[in-house]
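>>> Sequence and computational prediction follow.
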Amino acid sequence: MLGVLPNLRSPMELSRAAAGVCDLVWIVDSGDDRQPVVPRLLRKLGTVVDIVGMSEDEAADALRPCHLDGIIAYADYIMSRASALASRLGLDFHDEVVTERIVDKLPQRTALRDGGLPVPRFVVVAPEPTSEELDAVVQSVEFPVVVKPRHGATSRDTVLAHDAAELRKQLAAPPSVGSDPTKLVEEFLVGATPPPSPHLADYCSVESVVCAGQISHVAVTGRFWPAEPFRETGMILPSDYEPPVVKAVLDVATRAISAVGVRIGFLHTEIKITPDGPRVLEVNGRLGGGVPEMLALAAGLDLYQMSFRVALGERIVFDELVPTDRVGYLICRQPPQWARRVVSVESLDAVAEYPGVQAVSLNRQPGDEVDWRKGSHQYIFTVIGAAPDHEGVLAVRQLAEEGVQITYA
């Protein structure tokens, strides 16, 4: 039996991946609006334990009759709860120290620095800083700087400040609803010139698995250039980086995972290519969003199923990156920063009918509000598919960018 703390992952997809591997116990909190999975649906796919209103001890007691053999979580904000339950139930998962490094940017940056990796200078800013505290922050960094919540994901409330006046303004601005008011200010990492790819951005992610402390890497995922300020617009797997760049990226990912102390699970490590070499942006203690779908299309590998097997104690090691015979992609269309509402979306069917497209999902319907401050998950639609080569992916992306008309208010 495997305990699963779901987030936005499709329960049907996870259920399919579990077939022949394990029975699932869905651990949900029906009082948490960040976990929009309906328990009634999940009961058709396995056992459901609703831990709404329970303490960690009470939740563990509620799960003991299920006799779990492992536990897994697919989102940053539920990592701490999964870790607490694993500790109480004697299951192998990120321990408390590692979990803190995964979900809190300050101890992660500290662990990376202590592990010998170069990191940008950073400082934590408490909510509603005084003028004296703002002066100290301004004097301690070199511009430009990135301002982000200490806890958070998907580039929510993440902005770039080019000078002291802009930094003061950003630190004084209230966070979006539900965002951490404590902020991290760190120096912006300038990308390499020229970029490592003629088509992709100067950052990527490494998809890795750790079993009993042994680190191996599955894939290097390239990224399209983000929408301002730092919102994801899509990924491509594998990247088109040259072999020396890939090797350098993998070496840095290995060092970062070791520094954080991860001993089990799948990792999604984001890395930027700078003039001084690869630098770690962040280490995520979970599968990257969209990565399993892309890898399934590019290489026929089921990462969801593999993540179950690792959580249940199976030792899985890759001697080299997974070979691919196609190029998987995830394309996201972000709204402009000035937009507040979607008025219409037209010609999306033409993208869905394009050769190689696996799925098109509309995330924001006409009439829905949008707010760029809430990060990458405010995208209008996504396109997932595979093409014979990287040029084929670029053709689909051009169609998604130029062929779909979106009106905003």
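Received the coordinates, thanks.

>>> K374 reaches S155, doesn't it?
No - here K374 lies out of contact with S155, judged by CB atoms under 8 Å, at a distance of 9.3 Å. Using the backbone N, CA and C atoms, a C-beta is placed for each residue, glycine as well.

>>> what ranges of this structure fall below the confidence cut-off?
Scanning the chain for pLDDT under 70 picks out 7-9, 34-39.

>>> Please, where are all the helices along the stretch 201-350 of the chain?
243-260, 291-299, 303-311, 348-352 (DSSP state H, counting those that start in this stretch).

>>> Tell me which of those is the most buried.
helix 291-299 (a mean of 23; mean count of other CB atoms under 10 Å).

>>> who are the neighbours of that helix, in terms of helices and strands?
strand 203-211, strand 214-223, strand 234-237, helix 303-311, strand 327-333, strand 357-362, strand 381-387 (3 or more CB pairs under 8 Å, 6 or more residues apart in numbering; DSSP states H and E).

>>> Taking strand 357-362 as reference, get the angle to that helix.
Interaxial angle, helix 291-299 versus strand 357-362 (axes from the mean of the first three to the mean of the last three CA atoms, to 10 degrees): 160 degrees.

>>> which residue is nearest the middle of this structure?
Residue closest to the average C-alpha location in the chain (CA atoms, centre = their mean): G288, at 4.8 Å.

>>> ok, that residue - contacts?
By CB atoms under 8 Å, 6 or more residues apart in numbering, the residues touching G288 are S205, E207, T221, M235, H268.

>>> tell me the contacts of the second one?
The neighbours of E207, taking CB under 8 Å, 6+ apart as the test, are 217-221, 266-268, 287-288, 291, 295, 303.

>>> For D33, state which of the residues you listed is nearest.
Taking CB to CB as the measure, D33 sits nearest to L287 out of these, at 22.6 Å.

>>> so the closest one touches Y74, yeah?
Yes - counting by CB under 8 Å, L287 touches Y74, with 6.5 Å between them.

>>> The two: which is more packed in?
In this view L287 and Y74 are compared by other CB atoms under 10 Å, and L287 has more residues nearby, 24 against 21.

>>> Now the more buried one. Nearest residue, chain neighbours left out?
F266 (4.9 Å; CB to CB, 6 or more residues apart in numbering).

>>> what about that neighbour, neighbour count?
F266, neighbours per other CB under 10 Å, totals 26.

>>> Enumerate every residue touching it.
So F266 contacts E207, S208, V209, V210, R286, L287, L303, M306, S307, V310 (CB under 8 Å, 6+ apart).

>>> now the fourth one: how far from E391?
With the distance defined as CB to CB, to the nearest Å, V210 ends up 34 Å from E391.

>>> higher neighbour count, these two?
V210 (20 against 11).

>>> pretty sure that one is in contact with R263, am I right?
Yes - between V210 and R263 there is a contact at 6.1 Å, judged by CB under 8 Å.

>>> can I get the CA coordinates of stretch 247-254 in PDB?
Once non-C-alpha atoms are left out, stretch 247-254 reads as follows in PDB (Å, rounded to 0.1, in the frame of the first residue of the first chain):
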ATOM      1  CA  LYS A 247      28.000  17.200 -18.400                       C
ATOM      2  CA  ALA A 248      28.700  20.300 -16.400                       C
ATOM      3  CA  VAL A 249      25.000  20.700 -15.600                       C
ATOM      4  CA  LEU A 250      24.800  17.100 -14.400                       C
ATOM      5  CA  ASP A 251      27.900  17.500 -12.200                       C
ATOM      6  CA  VAL A 252      26.400  20.600 -10.500                       C
ATOM      7  CA  ALA A 253      23.000  18.800 -10.000                       C
ATOM      8  CA  THR A 254      24.800  15.900  -8.300                       C
END
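
>>> Now do it: distance to the chain's middle.
Centroid displacement of stretch 247-254 relative to its chain, using CA atoms, centre = their mean, to the nearest Å, is 19 Å.

>>> Now do it: everything it contacts.
117, 204, 206, 208, 215, 217, 220, 241, 267, 269, 271, 273, 277-280.

>>> now do stretch 168-185
34, 105-106, 109, 122-129, 134, 137-138, 141, 145-152, 156-157, 159, 161, 167, 371, 373-374.

>>> cool, stretch 199-206 as well?
Taking CB under 8 Å, 6+ apart as the rule, stretch 199-206 contacts 191-192, 195-196, 217, 219-226, 235-236, 239-241, 249-250, 253, 267-274, 281, 288, 291, 390, 394.

>>> out of those, which are buried?
In the contacts of stretch 199-206, burial by neighbour count holds for 191, 196, 217, 219-224, 226, 235-236, 239-241, 249-250, 253, 267-274, 281, 288, 291, 390, 394, counting by 16 or more other CB atoms under 10 Å.

>>> Next, work out how far apart S344 and L281 are.
In terms of CB to CB, S344 sits 35 Å off from L281.

>>> Please apply the same query to G222.
Counting by CB to CB, the gap from G222 to L281 is 14 Å.

>>> ditto for T158
From T158 to L281 the distance is 11 Å (CB to CB).

>>> Okay, helices next: where are they in the stretch 51-200 of the chain?
Remark: helices assigned in the stretch 51-200 of the chain by DSSP H, counting those that start in this stretch are 56-63, 79-89, 96-103, 105-114, 131-140, 164-172.

>>> Export those to CSV and append columns for distance to E353.
Formatted as CSV, the helices of the stretch 51-200 of the chain follow (distance: least, CB to CB, whole Å):
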stretch, distance to E353
helix 56-63, 45
helix 79-89, 39
helix 96-103, 40
helix 105-114, 42
helix 131-140, 51
helix 164-172, 43
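
>>> Tabulate these (a markdown table), appending distance to V351 and mean neighbour count.
Shown next, in a markdown table, are the helices of the stretch 51-200 of the chain (distance: least, CB to CB, whole Å; neighbours: other CB atoms under 10 Å):
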| stretch | distance to V351 | mean neighbour count |
| --- | --- | --- |
| helix 56-63 | 43 | 16 |
| helix 79-89 | 34 | 21 |
| helix 96-103 | 35 | 20 |
| helix 105-114 | 35 | 18 |
| helix 131-140 | 44 | 13 |
| helix 164-172 | 35 | 16 |
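
>>> before we move on, back to that, list just the nearest of the contacts of G288 to Q405.
For these, the nearest to Q405 is M235 (24.0 Å; CB to CB).

>>> and that closest one, how far is that from S197?
13 Å.

>>> thinking again about what came up before, filter the contacts of stretch 168-185 down to the ones in strands?
Judged by DSSP state E, strands contain the following of the contacts of stretch 168-185: F122, V123, V124, V125, V145, V146, V147, K148, P149, V159, A161.

>>> Thanks a lot, see you next time.
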